[in-house]
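*Asks:* Fold the following.
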Amino acid sequence: MENVVLIIHLILAFGLIVVVLLQRSEGGGLGMGGGGGGAMTGRAAATALGKITWVLAAGFIATSITLTIIAAEKAAGTSVIDRLGAAPETQESTPLTPPAEGLTPPTQGDAEAPLVPAGE
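*Replies:* Numbering: from 1, shown residues only. Okay, the predicted model is just below:
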């Protein structure tokens, strides 16, 4: 079900992009426009592309809401941490253990010296 709605959603998105790009720019946005060859009216004439744009936009919003509802139903009551597996272990404070035999703690001069086990 989710895949079908997602495919319809993508088709509507691409269709909406194409229809918007096909329309003539009459708003004068960003200094571009279709010219001022007429009186400015409150409502422009509804063209076929304008009606198609509204239909595609309504379908796009409907599929967006549907996909949101489907995703919310799948994730109900779960957490991201629950899906990752077990909770991370807390680090307990343990006393430091002495180094193993044959190893010595680093000193100031060890920064330049190559790492060689003690006794060699």
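
*Asks:* where does this structure have its least confident helix or strand?
*Replies:* Of all helical and strand segments in the chain, the minimum by mean pLDDT, DSSP states H and E falls on helix 80-84, at a mean of 72.

*Asks:* Can you mark which positions in that helix are buried?
*Replies:* For helix 80-84, the neighbour count (16 or more other CB atoms under 10 Å) marks no residue as buried. For glycine as for every other residue, the C-beta is placed from the backbone atoms N, C-alpha and C.

*Asks:* ok, now stretch 59-75?
*Replies:* For stretch 59-75, by 16+ other CB under 10 Å, it's 59-60, 63, 66.

*Asks:* Can you tell me which of those lies closest to residue 48?
*Replies:* residue 59 (16.6 Å; CB to CB).

*Asks:* same for the lengthiest helix in the chain, what does it pack against?
*Replies:* Identified as the longest helix of the chain according to DSSP state H is helix 48-74. Judged by 3 or more CB pairs under 8 Å, 6 or more residues apart in numbering; DSSP states H and E, helix 48-74 is in contact with helix 2-22.

*Asks:* what's the angle from the helix it packs on to helix 48-74?
*Replies:* 150 degrees (axes from the mean of the first three to the mean of the last three CA atoms, to 10 degrees).

*Asks:* residues touching residue 59, list them.
*Replies:* 8, 12 (CB atoms under 8 Å, 6 or more residues apart in numbering).

*Asks:* Could you rerun that using 7 Å?
*Replies:* residue 12 (CB atoms under 7 Å, 6 or more residues apart in numbering).
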